[in-house]
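*Asks:* Sequence below, structure please.
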Amino acid sequence: ASPLVDVLGHCTGRIVTGKGRPESRFDAAMVFAACARFGTAVEINSRPDRLDPPRRLIRQALDAGVLFAIDSDAHAPGQLDWQVYG
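*Replies:* Numbering: from 1, shown residues only. Next comes the predicted model:
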């Protein structure tokens, strides 16, 4: 609800490659409803080792009426091309 928050980033924190990291568990319906209510976008992290949130949560957020911010999560200029995965 904070007016200082525009985007909910790294929604689940998952990493899908290497040793990986499982996605965090949270009440997605409640979080996405709050995002929709307060105009907070949900980040679609296009970094190939993250692809976060997973498709089922993207669908749930879309159904809740949230906005999305699609980004590459680039840490170097050559990684900007990752945005197409979003």
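
*Asks:* quick one: low-confidence parts of this structure?
*Replies:* Applying pLDDT under 70 to the chain picks out no residues at all.

*Asks:* Contact partners for residue 8?
*Replies:* 31, 35, 40-43 (Cβ atoms under 8 Å, 6 or more residues apart in numbering). Any C-beta I mention is one placed from the backbone N, CA and C, and that applies to glycine too.

*Asks:* give me that answer again for 10 Å
*Replies:* For residue 8, the contacting residues are 31-32, 34-35, 40-43, 53, 61, 66, 69, by Cβ atoms under 10 Å, 6 or more residues apart in numbering.

*Asks:* Any figure for the gap between the nearest residue to it once chain neighbours are set aside and residue 17?
*Replies:* Ranked by Cβ to Cβ, 6 or more residues apart in numbering and with sequence neighbours excluded, the top spatial neighbour of residue 8 is residue 42, at 5.1 Å. Counting by Cβ to Cβ, to the nearest Å, the gap from residue 42 to residue 17 is 22 Å.

*Asks:* hmm, back to that, tell me if I am right that the residue nearest to residue 8 is in a strand.
*Replies:* Yes - Residue 42 sits within a strand when classified using DSSP: H, G, I helix; E, B strand; the rest coil.

*Asks:* And residue 42 and residue 17? Which one has more around it.
*Replies:* Neighbours per residue (other Cβ atoms under 10 Å) separate residue 42 from residue 17, with residue 42 holding more: 26 against 11.

*Asks:* Quick check: beta-bridge partners of that one?
*Replies:* Applying DSSP bridges to residue 42 yields these beta-bridge partners: residue 8, residue 68.
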